[in-house]
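Based on what follows, work out the 3D shape:
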Amino acid sequence: MQSPDALTVHVSNLLPAACSHVTDAGVARLALLPRLELLNLGGCARVTGSTLGGFGAHGALTGLSLASCVALTDAGLAEAARIGSLRHLDVSGCGRVTDEGAAALGALRRLGRLSLRGNPKCTDRCGQGTVGSVPRTVTPASRLLSYAQNRRTVR
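As a prediction, the model looks like this:
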């Protein structure tokens, strides 16, 4: 029988969504899984994002959901921006995310889908410079930016 550590090396999809026990310390441990491609932390209310940058080291993570992570901060988004392999990112319904935090996501050159819906501290400027910065090798149809239900900028 293999040790538990030997088994975890082969995990590629992890979906602990809405688990109230997941913390940033736990997320840091998940970043040690070198083949992790998809991670759904949606609804994990204790995740601020402070340890997300650790996923940038192995370059396998292509999909990340932080939807309804109510403790997610702009600093956490800056950490997520260090995950250069990300192609899909959902940060919808994260009440603390602002335009400034979303702007940090412009560093994600492979990002093709980004959801910023339902973030009351984001304006209609939220996400400008993010999906538009996707390299030209990605077709315009695959560049999806969703920020409906955000606050409108007063002009």
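
What pLDDT is listed against Leu15?
Looking at Leu15, its pLDDT stands at 83.

That one: how many residues sit nearby?
By the criterion of other C-beta atoms under 10 Å, Leu15 has 12 neighbours. The C-beta positions use only the backbone N, C-alpha and C, and glycine is treated the same way.

For the closest residue to it other than its chain neighbours, name its beta-bridge partners.
Counting by C-beta to C-beta, 6 or more residues apart in numbering, Leu15 lies nearest to Asn40, which is 4.4 Å off, once chain neighbours are set aside. Going by DSSP bridges, Asn40 is paired in beta bridges with Ser65.

measure Asn40 to Gly26 for me?
Here Asn40 is placed at a distance of 14 Å from Gly26 (C-beta to C-beta, to the nearest Å).

what about the two, which has more around it?
Between Asn40 and Gly26, counted using other C-beta under 10 Å, the more crowded position is Asn40 (19 against 16).

Okay, buried residues for stretch 114-122 please.
Leu114, Ser115, Leu116, Arg117, Gly118, Asn119, Lys121, Cys122 (16 or more other C-beta atoms under 10 Å).
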